[in-house]
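Q: My questions concern the predicted model and sequence given below.
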Amino acid sequence: MKLTIKLSILSSINIIITFLYQWYVVVLFGPGSETDALFAGMVIPQLFLAIITGSLMYVLIPILSIEKQSQFSIICWTFFQLTGLIFLAISLILSYFADYWVPFFVPGFDNATTNLSISLIRIQLIGMIFIALTTVLWSASHAKKKFVFVECTTIISNIIGFLFLVTTIDKFGIFSASWAMVIKSALQTLLLINIMGTFSLPQFNHSSVKNFFTRIKPLIAGTIYYKSEQLFDRFLASMTNTGNLTLLHLSQQIYSVSNMLFDKAILSPTFPELSKNAFNNKWNEFTQIINKRFIIIIILTILAYICLFFFGKPVLSLIFVNFSKTDINKLWILLLCLIGLLMGAPLGQLLSSSFYAQGNTITPTKIGVVGYTLGIVCKITGFYYYGITGVAIGTTIYYFFNIFIMTIFLSKAIHLNEKKKPNNA
């Protein structure tokens, strides 16, 4: 309980600073072509990070959680160097060919906005490398249960990055926002690097490396498809009025901020414990952890949604002071329609983590692929009838579908495991 309270406080500080980044930029520039270009440019680096680094954490933490200390540093340094090489190559390739692929993903942008997006993406691709490296360090820290230390380093790097943004934005304009993200990502990598211990050359033939690739292959194969959600959303949003992409991005980011709090305070501390219980075949404890977290998330998200419904507009007006009444109303409606993201994202992460803790990366991936396919159909249909609001409604439908199906399959998996219990026989 004390750990949850500490992490909630530290995560809240981090969330506030993270939100300040985008709030400061949007309030300064307003929803328009420059912010559309910035937020559209964020999608590609975030897509690659979601595909590879998100998968990396879910597979690496269970491996490191049960690894002997003598092998811990070797495995960490191996994945750190491997991840750095992979993302350096991805960054160079995407940057070199940016003039060709960026216009394809934002077909509704004019030439000036498209060119600005290309320039901002090239900067953000540098930050992508550091975020990928930090993901390995997060995995190592979580495996050692150093959750508080991770949050403290995040606060330090976020504050320094935000100070850079505030002091340079008058000189460099929207480009300062991209460079600030690079700086904060690089700082956190430096602050966390000691967690791996004594430097070691990579050992790619280590048994844990082979186990890692066996688990991550199906996960990456599926996430390449369904993690492209934001890219598809930006594709549709770019074909609407100027500023709508920014409003959609803000609504998604507001919920991402709340999901980040759930992740840091509730879900991240749960994952190593789930992994150990699954490894030791303690399925009663495993189920109890999931049920408690499930109920907590539902109660908190329902309360948040009620507050949004009754107090959302005046609060948004205070936060985004330079927005017109029309923009505030659009943002509020988008937030109401995205209830699936508010509740479904943390619940989905909890359920997915429960599969990953068992070493099962295939089932949640298949469900994600089917759900996302349904989501594409719902979003296109919604966009056709209701524009940008329809995209939000389609998102909610597919998130709730995923939760429903994943709950059924997880219950069956736990029931089968309870029958086996080889270590307790």
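A: Arrived safely, thanks for sending.
Q: counting contacts, what elements does the helix or strand harbouring Gln22 pack onto?
A: With secondary structure defined by DSSP states H and E, Gln22 is part of helix 2-29. Using 3 or more Cβ pairs under 8 Å, 6 or more residues apart in numbering; DSSP states H and E as the contact definition, the elements that helix 2-29 packs against are helix 33-48, helix 147-172, helix 175-192, helix 244-262, helix 268-279. (C-beta placed from N, C-alpha, C; glycine too.)
Q: and that helix with helix 175-192, angle?
A: With axes from the mean of the first three to the mean of the last three Cα atoms, to 10 degrees applied, the angle from helix 2-29 to helix 175-192 works out at 160 degrees.
Q: for the protein, which helix is longest?
A: Longest helix in the chain by number of residues, with DSSP state H as the criterion: helix 283-319.
Q: Pull the residues that contact the helix or strand that that helix is followed by.
A: Downstream of helix 283-319, the next assigned helix or strand under DSSP H and E is helix 325-337. With Cβ atoms under 8 Å, 6 or more residues apart in numbering as the contact definition, helix 325-337 has outside contacts at 31, 243-244, 247-248, 250-251, 254-255, 308-309, 312-313, 316-317, 320, 323, 388-389, 392-393, 395-396.
Q: what residues are up against the residue nearest to Ala177 when sequence neighbours are not counted?
A: Excluding its sequence neighbours, the residue lying closest to Ala177 (Cβ to Cβ, 6 or more residues apart in numbering) is Val25, at 5.0 Å. If you count contacts by Cβ under 8 Å, 6+ apart, Val25 has them with 35, 38, 165, 169, 174, 177.
Q: could you redo the last one with a cut-off of 7 Å?
A: 35, 38, 177 (Cβ atoms under 7 Å, 6 or more residues apart in numbering).
Q: Ile44 too?
A: 94, 121.
Q: switch the cut-off to 10 Å
A: Under the criterion of Cβ atoms under 10 Å, 6 or more residues apart in numbering, the contact partners of Ile44 comprise 94, 98, 101-102, 105, 117, 121, 124-125, 128, 228, 230-231, 234.
Q: again with Ile118
A: Residues counted as contacts of Ile118 (Cβ under 10 Å, 6+ apart) are 37, 41, 95, 98-103, 106.
Q: that older thread, I'd like the helices and strands packed on helix 2-29 as TSV, with distance to Leu336 and mean pLDDT appended.
A: Putting these into TSV (distance: least, Cβ to Cβ, whole Å; pLDDT from 0 to 100) gives the following:
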stretch	distance to Leu336	mean pLDDT
helix 33-48	21	80
helix 147-172	29	91
helix 175-192	28	93
helix 244-262	9	84
helix 268-279	28	84
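Q: didn't Phe400 look like it was pressed against Ala345?
A: No - here Phe400 does not reach Ala345: they are 11.1 Å apart, not a contact under Cβ atoms under 10 Å.
Q: between those two, which one's more packed in?
A: A direct count of neighbours by other Cβ atoms under 10 Å for Phe400 and Ala345 places Ala345 higher, at 25 against 17.
Q: Which of the helices or strands spans that one?
A: helix 339-356.
Q: After that helix, which helix or strand is next?
A: Per DSSP H and E, the first helix or strand lying C-terminal to helix 339-356 is helix 362-386.
Q: what packs against that next one?
A: helix 207-226, helix 229-237, helix 325-337, helix 339-356, helix 388-420 (3 or more Cβ pairs under 10 Å, 6 or more residues apart in numbering; DSSP states H and E).
Q: Comparing these, which yields the minimum mean pLDDT?
A: Looking at these, the lowest mean pLDDT belongs to helix 207-226 (a mean of 70).
Q: returning to that earlier point: next one: the residue nearest to Ala177 from Ile328, what distance?
A: Distance of Val25 to Ile328, given as Cβ to Cβ, to the nearest Å: 17 Å.
Q: and if you look at Lys419?
A: Between Lys419 and Ile328 the computed distance is 55 Å (Cβ to Cβ).
Q: Pick out whichever of these two has more residues nearby.
A: Per other Cβ under 10 Å, whichever of Lys419 and Ile328 has more neighbours is Ile328, with 19 against 7.
Q: Now distance to Leu192 and neighbour count too, for the contacts of Val25, in CSV please.
A: As requested, these are arranged in CSV below (distance: Cβ to Cβ, whole Å; neighbours: other Cβ atoms under 10 Å):
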residue, distance to Leu192, neighbour count
Thr35, 31, 24
Leu38, 27, 25
Ala177, 24, 30
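Q: are any of the contacts of Ile118 buried, and which?
A: Buried members of the contacts of Ile118, scored by 16 or more other Cβ atoms under 10 Å, are 37, 41, 95, 98, 102, 106.
Q: host element of the fifth one?
A: Element membership of Val102, judged by DSSP H and E, is helix 98-105.
Q: Show me how far the very next helix or strand once past that helix is from its chain's centre.
A: Tracing the chain past helix 98-105, the next element assigned as helix or strand by DSSP H and E is helix 111-143. Its chain's C-alpha centre lies 12 Å from the corresponding centre of helix 111-143 when counted by Cα atoms, centre = their mean, to the nearest Å.
Q: Pull out the buried residues from helix 111-143.
A: Residues 113-114, 116-118, 120-143 are the ones in helix 111-143 that count as buried (16+ other Cβ under 10 Å).
Q: Then stretch 371-384?
A: Using 16+ other Cβ under 10 Å, the residues of stretch 371-384 that count as buried are 371-372, 375-376, 378-379, 382-383.
Q: JSON lines please, covering those residues and showing distance to Ile63.
A: Supplementary listing: the buried residues of stretch 371-384 in JSON lines, determined by distance: Cβ to Cβ, whole Å:
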{"residue": "Gly371", "distance to Ile63": "27"}
{"residue": "Tyr372", "distance to Ile63": "27"}
{"residue": "Gly375", "distance to Ile63": "31"}
{"residue": "Ile376", "distance to Ile63": "33"}
{"residue": "Cys378", "distance to Ile63": "36"}
{"residue": "Lys379", "distance to Ile63": "36"}
{"residue": "Gly382", "distance to Ile63": "40"}
{"residue": "Phe383", "distance to Ile63": "41"}
